[in-house]
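[1] Pasting the sequence and the predicted coordinates here, then a few questions.
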Amino acid sequence: MNSSKKKRIAVVTGGASGLGLAAVRKLLERGASVAIWDCSEAALEATKSTFACDGAVLTCAVDVADPASITAAAERTRAQLGDADLLVAAAAVPGPVLPFAEWSIEDFRRVIDVNLIGVHLTCQALVPAMMRAGWGRVVLVSSVAGKEGNVLQSGYVASKSGVIGYVKCLGKELATSGVLVNGIAPTVFDTPMLRQISDAGPEMIAAMKSKVPMARLGQPDEFGEMAAWLCSDACSFTTGMTFDLSGGRSTY
Ligand SMILES: NC(=O)c1ccc[n+]([C@@H]2O[C@H](COP(=O)([O-])OP(=O)(O)OC[C@H]3O[C@@H](n4cnc5c(N)ncnc54)[C@H](O)[C@@H]3O)[C@@H](O)[C@H]2O)c1
């Protein structure tokens with residue numbers, strides 16, 4: 001993103017918390033207007049007061065698994081900020097931490113609905129306008145879990161592997177359109193989602209941390225920096241790639 005050029009308009013799903021919120025901060029710092037799409041009314045209220053003086057922020061209550069909710073949020077964003085040229089899709093749910101045989105079909109479907117179908121619906125709502133404009137940057141958030149697999153998280157892992165495949169597909173499909181589509185695969189970051197998983201499986205978090213050569217958790221700002229770069233003009237010859245953000249854990 002180059003502030004001497006057009007002011008960029010971003011949508012960040014899951015932008016009211018954790019990694020999405022870190023991306024919101026970095027995009028605002030770089031001069032974009034940002035629509036925060038999130039299903040948590042309480043978290044949206046908190047972000048509203050954080051960015052109270054910033055006319056560049058719009059908050060929208062959205063369930064990314066619900067097509068009607070996405071359509072309404074896209075219309076509101078277009079009316080108030082304009083067509084988005086940046087998308088960071090971070091909204092996701094972890095689902096339960098259970099042996100695969102104990103995952104209910106309802107839990108499995110909800111995780112796929114939010115984490116994978118939600119990404120598809122969000123891209124369908126926003127990317128066509130980027131294609132018409134001939135410029136766009138899309139960042140879809142996967143997970144190292146989607147590359148390597150985590151035990152006891154079958155639905156989550158399947159959804160995040162799906163996102164990596166989706167990034168490859170859209171990256172190639174849109175390669176000559178000016179819209180670049182990349183992914184980020186974080187390892188363990190200190191966010192509310194991590195605390196949700198930790199409550200359910202503390203030993204699993206310890207196992208994940210022990211695989212990180214840098215021997216620490218990731219910080220949300222580190223995610224925000226990578227997302228902001230992938231949203232910039234400086235990212236110009238890379239598409240279809242899911243980038244590692246794992247302290248040396250996944251080196252492929
Ligand atoms: N924290 C980690 O260690 C970690 C590791 C790998 C990948 N990730 C991924 O990073 C992304 C952000 O995770 P986080 O750790 O910041 O989690 P988080 O729980 O802090 O934030 C996720 C946000 O998504 C929102 N959300 C959930 N379901 C939604 C829905 N249906 N519609 C709209 N919004 C919805 C939540 O309200 C929340 O604000 C997720 O895609 C997650 O899978 C996180």
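    Yep, it's here.
[2] from here on, contacts and neighbour counts on C-alpha atoms
    OK.
[3] And for residue 108, the neighbour number?
    19 (other C-alpha atoms under 10 Å).
[4] so which strand or helix has it?
    For residue 108, the element it lies in under DSSP states H and E is helix 105-112.
[5] Check residue 183 too.
    Taking DSSP H and E as the criterion, residue 183 maps to strand 179-186.
[6] That strand packs against which elements?
    Secondary-structure packing of strand 179-186 (3 or more C-alpha pairs under 8 Å, 6 or more residues apart in numbering; DSSP states H and E): helix 118-133, strand 136-141, helix 144-148, helix 154-173, helix 220-230, strand 242-245.
[7] which parts of whatever helix or strand comes next after that strand are buried?
    Tracing the chain past strand 179-186, the next element assigned as helix or strand by DSSP H and E is helix 192-200. In terms of neighbour count (16 or more other C-alpha atoms under 10 Å), helix 192-200 has its buried residues at 194, 196-197.
[8] Turn those into JSON lines, including pLDDT and distance to residue 105.
    As requested, the buried residues of helix 192-200 are exported to JSON lines (pLDDT from 0 to 100; distance: C-alpha to C-alpha, whole Å):
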{"residue": "194", "pLDDT": "83", "distance to residue 105": "23"}
{"residue": "196", "pLDDT": "79", "distance to residue 105": "20"}
{"residue": "197", "pLDDT": "79", "distance to residue 105": "19"}
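[9] ok, so of the residues you listed, who is nearest the ligand?
    residue 194 (4.9 Å; C-alpha to the nearest ligand atom).
[10] I figured the closest one hits residue 186, correct?
    No - look at residue 194 against residue 186 with C-alpha atoms under 8 Å: they stay out of range, at 11.7 Å.
[11] quick one on the thing from earlier: what's next to the helix holding residue 108, contact-wise?
    92-96, 155-156, 158-159 (C-alpha atoms under 8 Å, 6 or more residues apart in numbering).
[12] try it again with 6 Å
    The contact list for helix 105-112, computed with C-alpha atoms under 6 Å, 6 or more residues apart in numbering, reads 155, 159.
[13] Just the buried residues of it, please?
    108, 110-112.
[14] and what of stretch 40-57?
    In stretch 40-57, counting by 16+ other C-alpha under 10 Å, buried: 40, 44, 47-48, 57.
[15] quick one: contacts of that stretch?
    Stretch 40-57 is contacted from outside by 16, 33-35, using C-alpha under 6 Å, 6+ apart.
[16] If we use 10 Å, what do you get?
    Here stretch 40-57 makes contact (C-alpha atoms under 10 Å, 6 or more residues apart in numbering) with 9-11, 14-17, 21, 24-25, 28, 31-38, 58-63, 81.
[17] can you list the residues of the stretch 51-200 of the chain near the ligand?
    62-65, 90-93, 114, 141-143, 186-194 (C-alpha under 6 Å from any ligand atom).
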